[in-house]
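Undergrad: all I have is the shape, not the residue letters:
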Ligand SMILES: O=P(O)(O)OC[C@@H](O)[C@@H](O)c1c[nH]c2ccccc12
């Protein structure tokens with residue numbers, strides 16, 4: 001079984017367990033559920049910002065522990081104050097060491113927040129909104145095109161935006177009207193290999209009108225330039241900052257270098 005299949009099997013159990021404890025109706029009572037949602041699309045298209053979606057990620061299956069010390073409020077606040085267009089917060093505990101609490105705490109910031117998790121069920125979308133997220137992730141590699149359409153339409157009905165993550169060209173058919181933000185993951189989720197050239201080639205096949213986001217393995221100013229030249233408006237970056245003792249400072253320095 002590859003790692004993605006393992007994660008999805010674990011998610012099915014996790015979701016069933018959570019549904020048994022908290023009903024959707026109870027989630028909808030959370031104060032965050034009623035708050036106005038911020039548009040990641042708008043923030044990414046705002047030229048006064050960097051286009052960077054800065055990710056808070058403590059660990060990953062490919063790298064193990066990336067940062068065991070970082071404080072979510074301190075780090076995400078530094079990201080937001082230094083020009084991040086959005087935040088991505090891992091909420092998966094089992095494989096990425098994240099939590100609902102991390103996202104709730106990151107909500108002190110007034111920029112869009114992506115719930116970074118493996119979404120396979122409407123329940124997780126209601127949870128995302130109840131935590132204070134603005135955007136959800138749908139990963140083509142673990143959903144059918146019909147699943148994507150259904151889950152994206154549901155997210156839209158809650159005013160949440162959807163980032164559809166693609167890796168291979170065979171996943172282009174997952175793009176639909178409801179998915180305005182399209183991410184291309186430079187990293188293969190099954191083998192962890194990073195290939196930027198392949199993402200650049202694939203970008204040419206994303207329909208006009210979609211906002212393209214480059215994801216994973218981004219660590220240099222040259223990477224950003226290359227992606228910008230290929231029409232990308234968003235850059236999802238985690239480890240490059242999180243691996244530093246002071247991720248916020250690393251972000252600030254990176255931003256100075258790309259301006
Ligand atoms: O830390 P990196 O290499 O900068 O990557 C960030 C982000 O793209 C990566 O964490 C990611 C992309 N797609 C995912 C899906 C689930 C969990 C994590 C991810």
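TA: Thanks, I have the structure now. From a predicted model like this one, the values you see are computed outputs, not experimental measurements. Numbering: from 1, shown residues only.
Undergrad: the residue of the chain found nearest the ligand: neighbour count?
TA: At 2.9 Å from the ligand, residue 238 is the closest residue in the chain, using Cβ to the nearest ligand atom. The C-beta positions use only the backbone N, C-alpha and C, and glycine is treated the same way. Residues near residue 238, counting by other Cβ atoms under 10 Å, number 26.
Undergrad: hmm, residue 57 and it touching each other?
TA: Yes - using Cβ atoms under 8 Å, residue 238 is in contact with residue 57, at 4.3 Å.
Undergrad: intersection of neighbour lists for the two?
TA: 66, 88 (Cβ atoms under 8 Å, 6 or more residues apart in numbering).
Undergrad: who's residue 194 bridged to?
TA: Residue 194 has these beta-bridge partners by DSSP bridges: residue 187.
Undergrad: pLDDT score for the nearest residue to residue 45 once chain neighbours are set aside?
TA: Leaving aside its sequence neighbours, residue 45 sits nearest to residue 233 (Cβ to Cβ, 6 or more residues apart in numbering; 6.3 Å). Confidence at residue 233, expressed as pLDDT, is 98.
Undergrad: so residue 233 sits against residue 212, correct?
TA: Yes - with contact defined as Cβ under 8 Å, residue 233 reaches residue 212; the gap is 6.3 Å.
Undergrad: excluding chain neighbours, what is closest to residue 38?
TA: Leaving aside its sequence neighbours, residue 38 is closest to residue 112 (4.3 Å, by Cβ to Cβ, 6+ apart).
Undergrad: the closest residue to residue 3 other than its chain neighbours and residue 185, how far apart?
TA: Nearest non-adjacent residue to residue 3, counting by Cβ to Cβ, 6+ apart: residue 61, 5.3 Å away. From residue 61 across to residue 185, the span is 14 Å (Cβ to Cβ, to the nearest Å).
Undergrad: okay, now residue 221: neighbour count?
TA: Using other Cβ under 10 Å, residue 221 is surrounded by 12 other residues.
Undergrad: in this protein, which spans are strands?
TA: 52-56, 59-60, 64-65, 86-90, 113-116, 135-139, 161-166, 181-185, 211-215, 234-237 (DSSP state E).
Undergrad: what residues are up against the closest residue to residue 43 other than its chain neighbours?
TA: Once flanking residues are discounted, residue 43 sits nearest to residue 85: 4.4 Å by Cβ to Cβ, 6+ apart. Contacts here follow Cβ under 8 Å, 6+ apart; on that basis residue 85 touches 40, 43-44, 46, 49-53, 111-112, 234.
Undergrad: for residue 85, phi and psi?
TA: Note on residue 85: backbone dihedrals following degrees, to the nearest 10 are phi -80, psi -20.
Undergrad: quick check: residue 189 touching residue 139?
TA: Yes - the pair residue 189 / residue 139 is scored as a contact, 7.3 Å apart, by Cβ under 8 Å.
Undergrad: between those two, who's got more neighbours?
TA: The neighbour comparison of residue 189 against residue 139 (other Cβ under 10 Å) goes to residue 139, with 24 against 19.
Undergrad: identify the residues contacting residue 21.
TA: By Cβ under 8 Å, 6+ apart, the contact set of residue 21 is empty.
Undergrad: got the buried residues for stretch 72-83?
TA: Residues 72, 75-80, 82-83 are the ones in stretch 72-83 that count as buried (16 or more other Cβ atoms under 10 Å).
Undergrad: filter those residues down to the ones in helices?
TA: Residues from the buried residues of stretch 72-83 lying in helices, with DSSP state H as the criterion: 72, 75-80.
Undergrad: make a markdown table out of those residues and add pLDDT and distance to the ligand.
TA: Rendered in a markdown table, the data for these read as follows (pLDDT from 0 to 100; distance: Cβ to the nearest ligand atom, whole Å):
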| residue | pLDDT | distance to the ligand |
| --- | --- | --- |
| 72 | 98 | 15 |
| 75 | 99 | 14 |
| 76 | 99 | 15 |
| 77 | 98 | 19 |
| 78 | 98 | 17 |
| 79 | 98 | 13 |
| 80 | 98 | 17 |
